[in-house]
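Engineer: Predicted model and sequence follow; I will ask about them next.
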There are 2 protein chains.
Amino acid sequence: MSLKKLAEHLGLSPATVSLVINRSSVADSIPQDTKDRIFAAARKFKYRPNFLARSLRTQRSFTIGVIVPEVSDGYSASVMSGVEDYLLQEGYFYFVASHRHRADLIDEYPRMFLERSVDGLIAVDTPWHLNLSVPVVTVSGHNDVKGVTNIVLNHHRAAEVALKHLFHLGHRQIAFMKGQEFSSDTEARWANIARVAQHLGLTIHPRLVAQLEGDSPSPQLGYMATKVLLASREPFTALFAFNDISAMGAIRALRESGRHVPDDVSVVGFDDIQSAAFQNPSLTTVRQPLREMGRAAAEILLKRINRPGSELQEKHVVEPELVIRETTCPAPDGKRVPGKQRP
Amino acid sequence: MSLKKLAEHLGLSPATVSLVINRSSVADSIPQDTKDRIFAAARKFKYRPNFLARSLRTQRSFTIGVIVPEVSDGYSASVMSGVEDYLLQEGYFYFVASHRHRADLIDEYPRMFLERSVDGLIAVDTPWHLNLSVPVVTVSGHNDVKGVTNIVLNHHRAAEVALKHLFHLGHRQIAFMKGQEFSSDTEARWANIARVAQHLGLTIHPRLVAQLEGDSPSPQLGYMATKVLLASREPFTALFAFNDISAMGAIRALRESGRHVPDDVSVVGFDDIQSAAFQNPSLTTVRQPLREMGRAAAEILLKRINRPGSELQEKHVVEPELVIRETTCPAPDGKRVPGKQRP
DNA sequence: GTACTCAACTAAATCGCGTTAGTAAAGAGT
DNA sequence: ACTCTTTACTAACGCGATTTAGTTGAGTAC
């Protein structure tokens, strides 16, 4: 059912029908009963305007593109969930594409999105350097491209709550995991850990810093990184993992080496993915409000699309939250800071 | 950059440029050097045909709609990953929408997809009854709508491998979880469990069947269902959970009640999601090839879109696989079937 | 009676492309 | 010299809407 046929059936011109259906102010002078007739016919024939045609004409597709490392990864999926929540509610749809860390795809997909006339783009945990003709919002990462809004965690606070927690439990020999270089969070996270450690008077032993190796996040990466840590024979009583997934692998490696979690080694994760609470022992972790970050990304993007004039918000900072569960406890050697430990 | 401008710049008509770029056979008579000029100019101006216009004209959008219960749920996300894999490779893009079990959205989203001229639809774990004007493929579930292809697990085999495993380990008092009614898998799964149990001579005690209650899959649901099971005081030595997520909750509930997994109670999950392998103890589970199911869905859908004449494949069955890990062991009461136990 | 206003519409252009039917010019055949 | 083919294109319509700049007829003012 097209506008033209509907108009023909009504004995009106397509123009009139279009104006009425879109509630244009030009249609103000059209009498109510004509309008009613039009609406009635539209309902009767289940008329739905063709989005392609409308988008072609108006140059607005009400579609946005989302690029993520991998849809099935819990991090991306949680962010997407928030993005979707807001977009659908506002009548927008979205395309998704997973680049799987392939540089060519990271370049290509945004172009393909533009080819398909998206009104804007959201990039999740993806290094960004392009300057496109549509608004772009990135989630996570330290992107300094002019003109893109960045939704980012307060990394300083995240490092602070985690390290202070461990510090107050008496931990002094703390091992760390560094994320892969391609993750846009890696750098900011690490810089802040270093800063907070210094502030607390903690020294980070270089042999207690393990590098996560591998493309797709999997417990396996944390497992292997922890094996390296253990092989160095440098003692540690706590481990701050890069994320919950790698923490799971780490716990397994620790356990295989005969260490008990948390009695021998405390472990702190990052993200607070769903299953973190149901690990055994349940995971102490720094929660990132991923859904909220996705929602914020979508909201800010639509704002920028619909008010092109307004000044650009370069950063939107969200706050982490320490979720204390069962993988952390006082350090075994008893170097407790008097009066400061928490139960 | 549009066709028209490109043509103008070349001193040719848009028709010619279009024919050449689309490698139409009508362009056979056009000399190679003209073609070269056209391609060179297209590259120079980075000409990309406008998808909206092309789709409007050809009535093919190279876009498909995917409807899932919730993108951030691992099950949907894994299937989507497979779907995406195939679609992008074939030059298709896709919309996603999560219905979150709201009946109105399950109705509305497919309509909105059609409004946006998708060439086909994939529904993941979603009850289906509509008969649409485009090809539809559903993943999982027992949909008997004429004209839709259904990608489905061999549920009989799934029940068989799980129950035989437990049976051969000596388990006779086995507890079960039934999925929520809205999950399209629930019925087929349960029917087959009953069938296999009967075949093995196992009786299913009605008080050892717990119902999962709640919309979004979460360990919490399994936790609560297991609490109910325990409250019945009916003894059991094994538990077949509805999925891995609920198995995680179940293990916690069992542990809280003082039971040890697997020594007191063996647990079998379903799906084999990523974190199943990294639970402690790691989860024995019936693996569903979710990615492959997604890929198959996409592949079959595109086949149906591109060969509208070909006869309809109503079902595509995929095989489950038992992954034996650490949550199952011989039954404590020693009712082993001689010569049949596996280590 | 003329000019002006207003209500109720509509014609026509446009968005960017695909496609069919056709045309003009050159060459080939007789 | 005439017809026929072939080559190398192009005009024009349509896809399904939106939107601007009118048009028409009735009513009102003077």
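Structural biologist: Alright, I've got the coordinates. Numbering: from 1, shown residues only, chains lettered A, B, ... in the order given.
Engineer: Any idea what A:Y94 is bridged to?
Structural biologist: Following DSSP bridges, A:Y94 is listed with bridge partners A:I64.
Engineer: List the contacts of it.
Structural biologist: A:T63, A:I64, A:G65, A:V66, A:V83, A:E84, A:L87, A:I122, B:F95, B:V96 (CB atoms under 8 Å, 6 or more residues apart in numbering or on different chains). Every residue, glycine included, has its C-beta placed from N, CA and C.
Engineer: Which two among the residues you listed are spaced furthest apart?
Structural biologist: The most widely separated members of the contacts of A:Y94, counting by CB to CB, are A:I122 and B:F95 (14.5 Å).
Engineer: Does DNA strand D have contacts with stretch A:50-63?
Structural biologist: Yes. For stretch A:50-63, a contact with DNA strand D is found by CB under 7 Å from any atom of the strand, at A:N50, A:L52, A:A53, A:R54, A:L56, A:R57, A:T58.
Engineer: got a winner among those for most neighbours?
Structural biologist: With neighbours taken as other CB atoms under 10 Å in any protein chain shown, the top of those is A:L52, carrying 23 neighbours.
Engineer: show me the contacts for the residue lying closest to that one once chain neighbours are set aside.
Structural biologist: When the adjacent residues along the chain are set aside, A:L52 lies closest to B:L56, with 4.5 Å between them (CB to CB, 6 or more residues apart in numbering or on different chains). With contact set as CB under 8 Å, 6+ apart, B:L56 has these partners: A:N50, A:L52, A:A53, A:L56.
Engineer: at 10 Å what do you get?
Structural biologist: Going by CB atoms under 10 Å, 6 or more residues apart in numbering or on different chains, B:L56 touches A:N50, A:F51, A:L52, A:A53, A:R54, A:S55, A:L56, A:R57, B:N50, B:S117.
Engineer: got it, and A:K5?
Structural biologist: Applying CB under 10 Å, 6+ apart, the residues contacting A:K5 are A:P14, A:F45, A:Y47.
Engineer: Among those residues, which ones lie close to DNA strand D?
Structural biologist: Applying CB under 7 Å from any atom of the strand to those, those adjacent to DNA strand D are A:P14.
Engineer: out of A:I122 and B:F95, which sits in the more crowded spot?
Structural biologist: For A:I122 versus B:F95, neighbours defined as other CB under 10 Å are more numerous around A:I122 (29 against 21).
Engineer: What ranges does the stretch 1-150 of chain A have for its strands?
Structural biologist: Counting by DSSP state E, counting those that start in this stretch, one finds strands in the stretch 1-150 of chain A at the ranges A:63-68, A:93-98, A:120-124, A:136-139, A:148-153.
Engineer: which residue is nearest the middle of chain A?
Structural biologist: Chain A has A:V79 as the residue nearest its centroid, 4.1 Å off, counting by CA atoms, centre = their mean.
Engineer: wait, isn't it in contact with A:V66?
Structural biologist: Yes. In terms of CB atoms under 10 Å, A:V79 counts as a neighbour of A:V66; the distance is 8.7 Å.
Engineer: For these two, list the residues in contact with both.
Structural biologist: A:I122, A:V124, A:V139, A:G294, A:A297, A:A298.
Engineer: So what's the residue count around the nearest residue to A:E321 once chain neighbours are set aside?
Structural biologist: Once its chain neighbours are removed from consideration, A:E321 has its nearest residue in A:R287; the separation is 4.5 Å (CB to CB, 6+ apart). Using other CB under 10 Å as the criterion, A:R287 is surrounded by 20 other residues.
Engineer: gap between A:T284 and A:I67?
Structural biologist: The span separating A:T284 from A:I67 equals 32 Å under the rule CB to CB, to the nearest Å.
Engineer: How about the residues of the stretch 1-150 of chain A by DNA strand C?
Structural biologist: Proximity of the stretch 1-150 of chain A to DNA strand C (CB under 7 Å from any atom of the strand) is limited to residues A:11-16, A:19, A:26, A:29-31, A:34, A:53, A:56-57, A:59.
Engineer: Show only the entries of the contacts of B:L56 found in helices.
Structural biologist: Secondary structure defined by DSSP state H assigns A:F51, A:L52, A:A53, A:R54, A:S55, A:L56, A:R57 of the contacts of B:L56 to helices.
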